[in-house]
Structure formats: structure tokens, C-alpha cells
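*Asks:* Quick one, fold the following:
(2 chains)
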Amino acid sequence: MVNDSEKVSNELPQMLGARKSELSEWYHNILLLADIVDIRYNIKGMNVWKAYGYQMMQNLKHFWDDMFKNDGIQELYFPQIIPISYCEQNPEWWAGFKEEGFKVIAGENNEIQGALRPTGEAAIYPMYALWIRTYRDLPFRAYETVSSFRYETAHTRPLIRDREITVWHEIHTVHATKEDSLNEALLHVEFYKKMWNHVALKPLIVEKPEWEVFPGAVGGIEFYYISPDGKAMENGSVNILGQAYAKKFNIKYKDKNGQDETAWQVCTGNGARLLSAVLIQHGDDKGLIVPPNIATYQAVIIPIIFEKEKEKTLESALQLKHELQKAGIRVHLDDRDETPGKKYYEWELKGVPVRIEIGPRDITNHQLVLVQRNVGKKIIVKRENIVGEVNGMLHAVQSELLAKSESDVHKLLEYADTVDEVGRVIDSAKTAKIHWCRNGKCYDTLKKIREGAEIFGSDYYEKKPGKCVVCGKDTENLAYYAKTY
RNA sequence: GGGGUUGUGGGGUAACUUGGUUUAGCCUUCGAGGUUUGGGACCUUGCGAUCCCGGUUCAAAUCCGGGCAGCCCCA
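*Replies:* Numbering: from 1, shown residues only, chains lettered A, B, ... in the order given. Okay, the predicted model is just below:
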């Protein structure tokens, strides 16, 4: 095998028009150029999924479909419109969404028929109340994958904050006891860990501050992505609902003695936002790097065509494609009549993890050239070993991306033990790790340190004796403070 | 929610300040034909734009108002 690292051009990426360090512009440009979503649909906060991007999203969806269903969680589908009668009967709930809610108007007098679901509970829980009758019906575990609609007033960002939140899954489970519901929540934390691992991302797993848990609920565990600019992005949450919703929606069951009991609930949700974190985390100055697990194409074959041997080369390339497909590798043969260089740049921009070059020289020597996208490593392999070599390279990309994500998170966290230090950490585009006594006053003090920054949670696992960064009180609680998306 | 700012072919831009010889220029992309093809090929040729509605004016991409959309900052 030959090792021949590619030179990285110092020029500004021609197609992309922005470096990774100019994150906002980079992200904006790449969505369109790499065919993820087209943001030019003329409704604020609504985008068109393009085939290349949508396939990635679907690959991710298939992962969660399998994971949930293999654990016995059934998939359901509820209507997108919540009846207006429900909104009227629950004025408190509706008040929370009145401004953020899309209303559905129809009929001769343009009456409000309902609202596009801003969240699933109002569609789902009234039905749960009908379905759940006895302890034998519990646990009841179901999920759906749909869109949610919120008329965001703050500025929208494609896939991160949209008015139509697409490919959004939410699990809603119902249990007989508090203990059962807590166990369920722990299971969902494990689900999400697996999902993040699948896309080679290292999450920060935190407990919500108690006042962000809505009244009556027991608690919440959230997954956060820390982006290269040090900002924190909420990206999946597990809500331990307690009995708050069950009481409101009248979700009861008869126990073994025939007594009515109120149920306990858990819900979780996340969607396309996870893909946005994947794109942002793994991309570089050349474009995207898509983790092989969800890549639309895991490998792309570029035939090196010379006029004399054109047919022979294309035929070999096609054979290669069939062989790789047969081995279960998602592969694309780019047989367009363009120069190879142009194709290299395009597929690098689109983030295909492995490139395979096949030309007359390779055919003669019974070899192929493989290039690994994330590091630019180029190797020559024997033709007969191609399936193993490609799979090996795919595994390498997947694990290298994960390792990089882990080290990046590590680099972006900085412990601070004074308020001044906290400010300095934020100014250096990082997330501050601090001791915090969980007191609201100290929380508010910190909120004033830097505009747009706040404590977004406490480490779910790590505890360590120390003193609150604000008041100096003893605490074992380690919290995170950052600007948030 | 408040403030600022921008809108010109698919993408990036020039002309806008001072309204008029601009047939709205350039780069890129895209189509056709040809020569090519181991890191963004070349030649010939072609298609494609002033966000929408209204106002001022002899005349509007250019000035004014509103709408919609984008971006930035603040809540």
C-alpha cells in the first residue's frame, strides 16, 4: 500500500465560498450546494428537502425506527391538526401557543377549524385517555415521526430553528408507577446515546434547571451539541412528565383492585436538528463529511476515462459498482462526461466518505485507488480485496469522526471558578463548566455576565465537590454556561 | 416583540450616491456542438435577472410608501 497525502489548497474553496471558521456562512452555503435542503422556499422557516439530504435524514430515521420498534415501541400516526375545541377547552395550554400557533382556517365563513400541531400532546393524549383502561394496558409505549409547526418570531435557521420542524420523532409512554416511568426515562437516555454514537457525535448530557421543567413534571434530561463556536444547541430531550399531563388529559387506569389510578408519563423528541449538528460538526473547509452510517452514498466511483479505453473503463467501473452494492455498500458511479478533478471537488463538498478511482492503469495492475475524505489519505489496494478495503475505510471514517467529536467537545469546555473567568471563557468562544449551587439568584447573576449566555443544565453524570462560582456555597453540582442556539 | 440592514439570471456581483447611450455589464453555473479527461480542461455557440403592489416623474434597477423574503443586533 502506498501512502500519499493530498495537498490541501490554501485558496478559499471556490464552490463553497466560505471557510468552516466562518460557520454561519459556511452552513448557509453548504445546505444549498450539497443538496441538503433548498432554503429558497418563500415561507420563513420552511425548507425543501433535496434528495441527497433527505436520504441522509431517512437513513437516520430508519435507525431510530429500528431501535424503537426492536424495543417494542409501536409507531402511530396522529393528524397534524389539533381541534379548535381542544384549544378552547384548554385556554392555559392554548395561551402558550396562541402566538406561536398556526391556525387552520376553512369553510364558508373562514372559521378557525384548529391549529397545526405545535407539539404532540394535544393530539396524542386525548386518544391515550380513550385507549388506556386497565393496568393490563400498561406500559403503553408509542411514537410517531411527523412535522411540528411553530410560528417562530426569533430568526429562523434551516434545520436548527424552523417554523416547520420536519422529520421529528416523539415518543410518548404511559406507566402504572413512578418507578416504571423513571426506568423508562433511563432507557430513552440510552436510546439517544446510541443515536448520537451512530452519527459519530459526542453529546453533553445534562439535567434541566428545575424551573425549566414545567409545573408538575419530575425532571428533564437533555442532550446538547457544542458547536465549534462554543455555542450550545439543545438537541433531543427526555422529559419525565410525572402525572401532570395524565391529570390534565384524564389518563387513568384501573388497578388490580378495580381502583382508578392516574398514570405516569415520559416523552422524548428530536428531529432534523440532529442532522444539522452532524453537518456542522464533521464538515471542513472543503465541505461536508458525512458519517458512513447515514451517508446517502458511502462511496463514489470516479472512472478515469481516456478516449481509447472509454468503454473498457466504464464497464469495469460498472462491475465494481455491482460488486459493492451486492456487499451492501451504498455506492454511486459518477459516469458523467466531466474531468475527474471536477468530480473530486464536488463529491468532497458533498461529503462522501470514500472515493474510488478506477482508470486504465488500475485495470492493468488489478488495483484501485481509494481516498478517505476526512483525512485525504490516498491508498492503492488490490482489486480483489475491494469490499474489505472499502468497509475498512468506512469503519475508519466513522470512528475517526467520533473520536474527533469527543476531543472537540473536550477542547470547547473550560472550567471556570470565578465570575470573571466565566466571562472570559465565553469571550473565547467556549462553553464554561462551573460549580453552581442550583439557586435561581446565582443563575440570574450569571445570565447578566454575557448577553445571550445562560446555564443550560447540570452534568447528568459528573459530580465533584466545589464552591458555587457566584455565591461560594459548597456544591457538587457541575453546570454548563454558554451562548445557546 | 424592538431596532438596523439588504433584495439585480440557478449562484456570486456591477450599475443605485447624482433617475436618462445600458441593448442592465462581469464571473460562475446551465444547454448544444467539437476536442478532451490520473485534482476544478479548452474552443465555438446559446438560454437566463432588476422581489411584489402602489406612488413621484416626460423617464425608475436607481427616489418614496406598503407588503413579502433574507441577514445582523437586542429582548
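*Asks:* Would you mind listing what in the stretch 251-400 of chain A touches RNA strand B?
*Replies:* Residues of the stretch 251-400 of chain A lying close to RNA strand B (C-beta under 7 Å from any atom of the strand) are A:304-307, A:310, A:337-342, A:344-346, A:348-349, A:357-362, A:369, A:371, A:376, A:378. Glycine gets a C-beta too; all of them are placed from N, C-alpha and C.
*Asks:* For whatever helix or strand A:Ile124 lives in, buried residues please.
*Replies:* Per DSSP states H and E: A:Ile124 is located in helix A:121-131. For helix A:121-131, a neighbour-count test (16 or more other C-beta atoms under 10 Å) marks A:Glu121, A:Ala122, A:Ala123, A:Ile124, A:Tyr125, A:Pro126, A:Tyr128, A:Ala129 as buried.
*Asks:* Can you tell me which of the residues you listed is nearest A:Met46?
*Replies:* The nearest member of the buried residues of helix A:121-131 to A:Met46, counting by C-beta to C-beta, is A:Ala123 at 20.3 Å.
*Asks:* ok, the closest one - contacts?
*Replies:* Contact analysis of A:Ala123 by C-beta atoms under 8 Å, 6 or more residues apart in numbering lists A:Phe78, A:Pro79, A:Ile82, A:Arg117.
*Asks:* Compute the mean per-residue pLDDT across stretch A:259-279, please.
*Replies:* Averaging pLDDT along stretch A:259-279 gives 96.
*Asks:* and the end-to-end length of it?
*Replies:* 52 Å (C-alpha to C-alpha, to the nearest Å).
*Asks:* Export the helix holding A:Ile124 to CSV, keeping only CA atoms.
*Replies:* Output in CSV follows, covering the C-alpha atoms of helix A:121-131 (Å, rounded to 0.1, in the frame of the first residue of the first chain):
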residue,chain,number,x,y,z
GLU,A,121,-49.5,16.1,23.4
ALA,A,122,-52.8,17.7,22.4
ALA,A,123,-53.2,15.3,19.5
ILE,A,124,-52.0,12.2,21.3
TYR,A,125,-53.1,12.3,24.9
PRO,A,126,-56.8,12.6,24.4
MET,A,127,-56.6,9.3,22.4
TYR,A,128,-54.4,7.8,25.1
ALA,A,129,-57.2,8.6,27.6
LEU,A,130,-59.5,6.5,25.4
TRP,A,131,-57.2,3.6,24.8
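*Asks:* where does A:Gly258 land in three-state SS?
*Replies:* Three-state call for A:Gly258 (DSSP: H, G, I helix; E, B strand; the rest coil): coil.
*Asks:* what's the burial count for it?
*Replies:* 7 (other C-beta atoms under 10 Å).
*Asks:* And it, how close does it get to A:Leu60?
*Replies:* Separation of A:Gly258 from A:Leu60 (C-beta to C-beta, to the nearest Å) stands at 45 Å.
*Asks:* picking up where we left off before, just the buried subset of the residues of the stretch 251-400 of chain A next to RNA strand B, please.
*Replies:* By 16+ other C-beta under 10 Å, those give A:304-305, A:344-346, A:348-349, A:357-360, A:362, A:369, A:371, A:378 as buried.
*Asks:* residue boundaries of the helices in chain A?
*Replies:* Counting by DSSP state H, chain A has helices at residues A:23-33, A:51-70, A:84-89, A:91-97, A:121-131, A:178-198, A:244-249, A:272-282, A:310-326, A:340-350, A:360-365, A:386-412, A:419-427, A:440-447.
*Asks:* Quick check: which of these is buried the most?
*Replies:* Across the helices of chain A, averaging neighbours per residue (mean count of other C-beta atoms under 10 Å) puts helix A:272-282 on top, at a mean of 24.
*Asks:* now the angle from that helix to helix A:23-33?
*Replies:* Helix A:272-282 and helix A:23-33 are oriented at 110 degrees to each other (axes from the mean of the first three to the mean of the last three C-alpha atoms, to 10 degrees).
*Asks:* what's in contact with helix A:272-282?
*Replies:* A:23, A:27, A:30-31, A:36, A:53, A:56-57, A:60, A:158-160, A:162, A:165-168, A:195-196, A:199-201, A:225, A:227-228, A:233, A:235-236, A:288-291, A:294, A:351, A:374, A:401, A:404-405, A:408.
*Asks:* Near the closest residue to RNA strand B within the stretch 151-300 of chain A, how many other residues are there?
*Replies:* Closest residue of the stretch 151-300 of chain A to RNA strand B, C-beta to the nearest atom of the strand: A:Thr153 (3.0 Å). The number of residues packed near A:Thr153 is 9, by other C-beta under 10 Å.
*Asks:* wait, which of the contacts of A:Ala123 is closest to RNA strand B?
*Replies:* Taking C-beta to the nearest atom of the strand as the measure, RNA strand B sits nearest to A:Arg117 out of these, at 19.2 Å.
*Asks:* Now the closest one: phi and psi?
*Replies:* phi -60, psi 120 (degrees, to the nearest 10).
*Asks:* who's in contact with it?
*Replies:* With contact set as C-beta under 8 Å, 6+ apart, A:Arg117 has these partners: A:Phe78, A:Gln80, A:Ile81, A:Ile82, A:Ala123, A:Val146, A:Ser148, A:Phe149.
*Asks:* about what we covered before: now for the buried ones among the residues of the stretch 251-400 of chain A next to RNA strand B, which pair is the farthest apart?
*Replies:* A:Leu349 and A:Pro360 (27.0 Å).
*Asks:* returning to that earlier point: between the helices of chain A, which has the poorest mean confidence score?
*Replies:* Sorting the helices of chain A by mean pLDDT places helix A:91-97 lowest, at a mean of 75.
*Asks:* Grab the nearest non-local neighbour of A:Tyr86.
*Replies:* Nearest residue to A:Tyr86, sequence neighbours excluded (C-beta to C-beta, 6 or more residues apart in numbering): A:Ala122, at 5.6 Å.
*Asks:* Could you pull up the residues touching the one you found?
*Replies:* Neighbouring residues of A:Ala122 by C-beta under 8 Å, 6+ apart: A:Ile82, A:Tyr86, A:Cys87, A:Asn90, A:Trp93.
*Asks:* I'd like to know how far it sits from A:Tyr54.
*Replies:* Applying C-beta to C-beta to A:Ala122 and A:Tyr54 gives a distance of 28 Å.
*Asks:* again with A:Gln74
*Replies:* With C-beta to C-beta as the criterion, A:Gln74 and A:Tyr54 are 25 Å apart.
*Asks:* Neighbours of the residue lying closest to the residue of the stretch 151-300 of chain A closest to RNA strand B once chain neighbours are set aside, how many?
*Replies:* Spatial nearest neighbour of A:Thr153, chain neighbours left out: A:Glu99 (7.3 Å); criterion: C-beta to C-beta, 6+ apart. Neighbourhood size, A:Glu99 [other C-beta under 10 Å]: 9.
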